[in-house]
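*Asks:* model this:
(chains A and B)
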Amino acid sequence: MTVTQVVFFLMAAFTVGAALLVVSAKNLVHCAIALVFAFFGVAALFVLLDAEFLAAAQVLLYVGGITILMLFAIMLTARISARGIKIMNEQVGVAAVVVFAIAGLLAYANLKGFPAAVPPLTVQDNTASLGTLLLTTYVLPFEVVSLLLLAAMVGAIILARRERGKD
Amino acid sequence: MFEFGQLMESFYDAFSARGIPLFVPQLIVMLAVATAVLIFTAISVMFMVWWERKISAHIQVRFGPMRVGGWHGWAQSIADGVKLLLKEDIVPAGADRLVFVLAPMVVFAASLASFVIIPFGPGLIAGDLNIGVLFYISISSLTVVGIIMAGWSSNNKYSVLGAIRSAAQAVSYEVPLVVSVIGVIMTVGSMSMTRIVEAQQGMWFVVPQLLGFLIYLTAAIAECNRTPFDIPEAESELVAGFHVEYSGMRFAIFFLAEYANMFVVSAIATTLFLGGWHGPLLPGWLWFLLKTYFIIFLMMWLRWTLARLRVDQLMNLGWKFLLPLAFLNMGITGLILVLQGQ
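*Replies:* Now for the predicted structure:
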């Protein structure tokens, strides 16, 4: 057993534990904080897979951006964070069926689709090759995604402005 | 560094000869490196606190600490540290206990993790990641999470206000910080800290990237929540911001993290713009530390010279001034690189 495997099992347990906490915690702020740790664990798994750029992007966007926005929203709507939230509702049965179906599908795909030993990466600096690919072969989808994000941002700004004009 | 490598080889061999699995010596090495970084951080922070008190005192025509330890009160920080450790551990009754306890650890872990990519000298780097700069940028965003956790769990309106301000400021100034660094990355063609320092053999990047350096420095001071960008902990309006309710040991950890963060930010400025360990006569690590402490001095000097910005001024400066300038810097750098045909 190498240190990589030790770290993998530690981080996997950490991620699953944090993810369980996200869905089971009664306090909304606790959920959001647990989500931070879950995202962080996923980033650590990316590092173990030699995908450093993905790991950094994961932490930067999900931990540094999305969860902070969530925490912001929760803290600014004062009532939510104080009151406990209901974890279960009447859709629990349907949700359980969907979850088990997806889990089964994933397990099946993992057992069938991947060979026992994946050959190690041949590219040394996959960050550089990722950048090259994004700006040559995949430049059109890259630009389309940028445009989409820009449109979403402009839309959000317009929505926020109009609300202020009404008061 | 060759001898160091040989030493490591024989260290690993000694374990494999006794049939102990490989991860045991690997873990020991990791723990040793982490401990070394921790000790360095603690000593460096104690020095910086004493130094800041001295600088602020002399700027205000005072002497600052003069008694503890004899020569210019050099032992003042040690005495303060011992005092903070011995204090009673208080968790406010209305606080969310778990999050309250966890928050200082998250903040400190984030600033300690940044030490991984600091190249103190040729080969003296804990991990030369190929995403170097990006690693710092992403891991530093964890600090904001810790600050929000501290502010919210304290159950105090000043804490929450400080935390929200801090988050808004960090998110706003992270953008110009990242964009200002891109000029250097484009010139070098790599994000690895070692490669960036090696590329500055002839000329430090502060010359061609002066604009980037100034933007980086401004944004970095804001990231550290220091005056003139210290609205998150503005004493006169928020008492102390997110750490109002913290005392003793936990307060000390926040303090440690803040100064460690300052060191990291300055070390990265040294690496990216001031040529890292390059310099004549003196050994590389000494040059690196000298340059880093020079930038720290610059930050202290600014803190005790300038007044605090208002919230709206802060946002205007970040979004309407620094960000366009940073994009301009990036565009010009790209244009020059294309014209040079690289």
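
*Asks:* distance of the residue nearest to B:L289 when sequence neighbours are not counted from chain A?
*Replies:* Excluding its sequence neighbours, the residue lying closest to B:L289 (Cβ to Cβ, 6 or more residues apart in numbering or on different chains) is B:F120, at 7.5 Å. For every residue, glycine as well, the C-beta is placed using N, CA and C. The gap separating B:F120 from chain A is 21 Å, by Cβ to the nearest Cβ, to the nearest Å.

*Asks:* before we move on, what about B:L325?
*Replies:* To chain A, B:L325 is 21 Å away according to Cβ to the nearest Cβ.

*Asks:* residue contacts, that residue?
*Replies:* By Cβ atoms under 8 Å, 6 or more residues apart in numbering or on different chains, the contact set of B:L325 is B:176, B:211, B:215.

*Asks:* Check which residues of the strand or helix carrying it are buried.
*Replies:* With secondary structure defined by DSSP states H and E, B:L325 is part of helix B:323-340. Residues of helix B:323-340 classed as buried under the neighbour-count rule (16 or more other Cβ atoms under 10 Å in any protein chain shown) are B:323, B:325-326, B:329-330, B:333.

*Asks:* How many neighbouring residues does the closest residue to B:V33 other than its chain neighbours have?
*Replies:* Leaving aside its chain neighbours, B:V33 sits nearest to B:A126 (5.6 Å; criterion: Cβ to Cβ, 6+ apart). Using other Cβ atoms under 10 Å in any protein chain shown, B:A126 is surrounded by 17 other residues.

*Asks:* How about B:V175?
*Replies:* Counted with other Cβ under 10 Å, residues neighbouring B:V175 total 16.

*Asks:* Which residue, other than its chain neighbours, is closest to it?
*Replies:* Nearest non-adjacent residue to B:V175, counting by Cβ to Cβ, 6+ apart: B:L323, 5.9 Å away.

*Asks:* and which of the contacts of B:L325 is nearest to B:R308?
*Replies:* Using Cβ to Cβ, B:P176 is the member of those that lies nearest B:R308, at 19.3 Å.

*Asks:* Contact partners for that closest one?
*Replies:* Counting by Cβ under 8 Å, 6+ apart, B:P176 has contacts B:215, B:218-219, B:318, B:322-323, B:325-326.

*Asks:* For A:M70, state which of the residues you listed is nearest.
*Replies:* Using Cβ to Cβ, B:G318 comes nearest to A:M70 of those, at 22.0 Å.

*Asks:* How about the closest one: what's its closest non-neighbour residue?
*Replies:* Distance criterion Cβ to Cβ, 6+ apart; nearest residue to B:G318, sequence neighbours excluded, is B:S172 at 4.4 Å.

*Asks:* returning to what we had before: the residue nearest to B:V33 in helix, strand or coil?
*Replies:* Of the three states, B:A126 takes coil under DSSP: H, G, I helix; E, B strand; the rest coil.

*Asks:* Report the mean per-residue pLDDT for the longest helix seen in chain A.
*Replies:* When chain A is parsed with DSSP state H, its longest helix is helix A:139-166. Mean pLDDT, taken over the full extent of helix A:139-166, equals 83.

*Asks:* how far away is A:A32 from chain B?
*Replies:* 9 Å.

*Asks:* Please name the nearest non-neighbouring residue to the residue in the stretch 101-250 of chain B positioned nearest to chain A.
*Replies:* Proximity of the stretch 101-250 of chain B to chain A (Cβ to the nearest Cβ) peaks at B:S141, 2.6 Å away. Counting by Cβ to Cβ, 6+ apart, the nearest residue to B:S141 once its immediate chain neighbours are dropped is A:G64, at 2.6 Å.

*Asks:* Let me know the pLDDT of residue 84.
*Replies:* I went with chain A, as the question did not name one. Looking at A:G84, its pLDDT stands at 62.

*Asks:* right idea, wrong chain: chain B
*Replies:* Per-residue pLDDT puts B:L84 at 82.

*Asks:* Ok, A:S81 next?
*Replies:* Per-residue confidence at A:S81 stands at 53 (pLDDT).

*Asks:* Looks like B:V197 contacts B:T271 (just checking).
*Replies:* Yes. Here B:V197 reaches B:T271: they are 5.8 Å apart, a contact under Cβ atoms under 8 Å.

*Asks:* neighbour count winner among those two?
*Replies:* Between B:V197 and B:T271, B:T271 has the larger neighbour count (other Cβ under 10 Å), namely 29 against 25.

*Asks:* residue contacts, the nearest residue to that one once chain neighbours are set aside?
*Replies:* Leaving out its chain neighbours, the residue that sits closest to B:T271 by Cβ to Cβ, 6+ apart is B:M193, at 5.4 Å. For B:M193, the contact set (Cβ under 8 Å, 6+ apart) comprises B:117-119, B:125, B:128-129, B:132-133, B:271, B:276.

*Asks:* how far away is B:M193 from B:G121?
*Replies:* B:M193 is 12 Å from B:G121, where distance means Cβ to Cβ, to the nearest Å.

*Asks:* cool, B:W301 as well?
*Replies:* Distance from B:W301 to B:G121, counting by Cβ to Cβ: 26 Å.

*Asks:* So these two - more neighbours on which side?
*Replies:* Between B:W301 and B:G121, counted using other Cβ under 10 Å, the more crowded position is B:G121 (17 against 13).

*Asks:* Could you double-check that that one lies in contact with B:F288?
*Replies:* Yes. Using Cβ under 8 Å, B:G121 makes contact with B:F288 at a distance of 6.2 Å.

*Asks:* overlap in contacts of these two?
*Replies:* Shared contacts of B:G121 and B:F288, defined by Cβ under 8 Å, 6+ apart, comprise B:W277.

*Asks:* was I right about B:A170 contacting B:L142?
*Replies:* No. The criterion here is Cβ under 8 Å, and B:A170 misses it with B:L142 at 10.6 Å.

*Asks:* Export the buried residues of helix B:323-340 to CSV and append columns for pLDDT.
*Replies:* Below are these laid out as CSV (pLDDT from 0 to 100):
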residue, pLDDT
B:L323, 89
B:L325, 90
B:A326, 89
B:N329, 89
B:M330, 89
B:T333, 88
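
*Asks:* tell me which of the residues you listed is nearest to chain A?
*Replies:* Of all the buried residues of helix B:323-340, chain A sits closest to B:L323, with 13.8 Å by Cβ to the nearest Cβ.

*Asks:* For that closest one, list the residues it contacts.
*Replies:* Contacts for B:L323 (Cβ under 8 Å, 6+ apart) come out as B:175-176, B:179.

*Asks:* For stretch B:30-42, buried residues please.
*Replies:* In terms of neighbour count (16+ other Cβ under 10 Å), stretch B:30-42 has its buried residues at B:37, B:41.

*Asks:* Checking the residue nearest to B:G318 next. Helix, strand or coil?
*Replies:* Of the three states, B:S172 takes helix under three-state DSSP.

*Asks:* Now do it, the pLDDT please.
*Replies:* 83.

*Asks:* That one contacts B:W319, doesn't it?
*Replies:* Yes. Contact status for B:S172 versus B:W319: in contact at 6.4 Å, counting by Cβ under 8 Å.
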